[in-house]
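Participant: how would this look folded up:
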Amino acid sequence: AHIGKWHLGGGRDIGNAPWPTAYGFDHSFTTFEGLGPRVLVSDEERFLAEQSDELGEGPRFWELKTNLTGLYANMAVDFVAQHSDKPWFVNLWLNDMHDPWAPDNESLSDVMGKGNSSDDDRMLASLVKMDKALGRLFDRLDQMGEMDNTLVIVTSDNGPSSAQRHYKGGKVAPGSTENLRGRKWSLYEGGIRQPLILYWRGHTKAGHRDERTVGQGVDLLPTIARIVGAKRPAGIDGIDLSPVIGGRAIANRPDLYWAYGKEGAPKEPPQPAMERDQAPPFAIREGDWKLLAEAGGANPQLFDLASDPTEATDVAAGQPAIRDRLLGKLKAWMAKLTPSRC
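Facilitator: As a prediction, the model looks like this:
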């Protein structure tokens, strides 16, 4: 089942997108920018929900944003209860940490004044609220006897918000990147380096923290396939990260690539408000080396993440051999991308 945010068509991006069930899910329930059965947010960013409502394409109802995670968690429990006699998978995509934040009063009172601004307080309160909701979900699954054989994966998609409105009056944008350069909409580490939390009772090493393994979203499918004993689909990207569950770091992996937007696209994607966080739209990582470049491979930047994780010092000029090798790989990969259609 897929339950929660979808954002793969069905709103301001693509109006006639396939439902999540077209991608292999037996059951789906989503929100705006997703079609099929869905909930529409009645308060925050209502204009997006109204766009979704006009598309039709499935039953829908309205609800306050602050109530969505509880709704999704209850649906997840119901789905598991109905399928507990066989293996099940739930893709639970929450939207609490995406601004505008909508915490409840209890969570807001827990953190009031602990942030750097009122926006920061609301973000922190939303995190507290989400954490409590996940705790209740896991407790319920435990009561059902499901947690003894369930792998829980918690991760995210990008760095904290970097919209211009958060910097008004000299304020600091909510959320921390721990001094990493970049935020949301950036290919610097602060925009793409995310937590990956794995829990599997009797298998994961409690309290273990892996600072060596480099994983990416493309690794989740081959990892899950290996764990459940399914055949790895042919031609997919990614590696099996299952050794990490047992506390064994993965030292080497194939190169990683990123593209934020497309060459020749009629519309440029959003950029962080602060110039320091604005990164070139294409990148490659080979071991600890990371190279970023503009369209066509122009203006390459090279960083050694082992010694410079904050990407403060561009060493492209001083490491021409490494720069040219990575740039050649990146340009070859960029040439394989589907061209933009105006």
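
Participant: Which parts of the longest helix anywhere in the chain count as buried, going by neighbours?
Facilitator: Counting residues, the longest helix found in the chain (DSSP state H) is helix 118-143. Buried positions in helix 118-143, judged by neighbour count with 16 or more other CB atoms under 10 Å: 119-130, 132-134, 137-138, 140-141. All C-beta spots, glycine's among them, are computed from the backbone N, C-alpha and C.

Participant: Quick one: the helices in the stretch 201-342 of the chain, in order.
Facilitator: 220-228, 242-245, 320-335 (DSSP state H, counting those that start in this stretch).

Participant: sorry, back to before: counting by contacts, list what the longest helix of the chain packs against.
Facilitator: helix 68-82, helix 105-111 (3 or more CB pairs under 8 Å, 6 or more residues apart in numbering; DSSP states H and E).

Participant: just checking, next helix/strand downstream of that helix?
Facilitator: Proceeding N to C from helix 118-143, the next assigned helix or strand is strand 151-155, under DSSP states H and E.

Participant: just checking, what packs against that next one?
Facilitator: Strand 151-155 packs on strand 196-200, helix 220-228, going by 3+ CB pairs under 8 Å, 6+ apart.

Participant: wait, what's in contact with R226?
Facilitator: R232, D240, S242 (CB atoms under 8 Å, 6 or more residues apart in numbering).

Participant: and of those, the nearest to D148?
Facilitator: Proximity of these to D148 was ranked by CB to CB; the top entry is S242 with 18.2 Å.

Participant: ok, the closest one - how many residues close by?
Facilitator: 20 (other CB atoms under 10 Å).

Participant: For it, give its distance to F89.
Facilitator: 16 Å (CB to CB, to the nearest Å).

Participant: Check R165 too.
Facilitator: 38 Å.

Participant: who has more neighbours, the two?
Facilitator: F89 (14 against 11).

Participant: residues in contact with the residue nearest to that one when sequence neighbours are not counted?
Facilitator: Spatial nearest neighbour of F89, chain neighbours left out: A1 (7.3 Å); criterion: CB to CB, 6 or more residues apart in numbering. With contact set as CB under 8 Å, 6+ apart, A1 has these partners: F25, D26, H27, S28, F29, M75, A76, F79, W88, F89, V90, N91.

Participant: So which of the residues you listed belong to strands?
Facilitator: Residues from these lying in strands, with DSSP state E as the criterion: S28, F29, N91.

Participant: are any of the residues you listed buried, and which?
Facilitator: By 16+ other CB under 10 Å, those give S28, F29 as buried.

Participant: so, if you compare the ones in strands among the contacts of A1, which one comes nearest to A102?
Facilitator: Distances from A102 to the ones in strands among the contacts of A1, taken by CB to CB, are shortest for F29, at 18.8 Å.

Participant: which residues does the closest one contact?
Facilitator: Per CB under 8 Å, 6+ apart, neighbours of F29: A1, H2, I3, G4, G36, P37, R38, V39, Y72, M75.

Participant: how about a markdown table for those residues, with pLDDT, distance to A206 and secondary structure added?
Facilitator: Shown next, in a markdown table, are these (pLDDT from 0 to 100; distance: CB to CB, whole Å; DSSP: H, G, I helix; E, B strand; the rest coil):
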| residue | pLDDT | distance to A206 | secondary structure |
| --- | --- | --- | --- |
| A1 | 98 | 28 | coil |
| H2 | 98 | 30 | strand |
| I3 | 98 | 28 | strand |
| G4 | 96 | 28 | strand |
| G36 | 95 | 38 | coil |
| P37 | 96 | 38 | coil |
| R38 | 96 | 37 | strand |
| V39 | 96 | 36 | strand |
| Y72 | 97 | 27 | helix |
| M75 | 97 | 29 | helix |
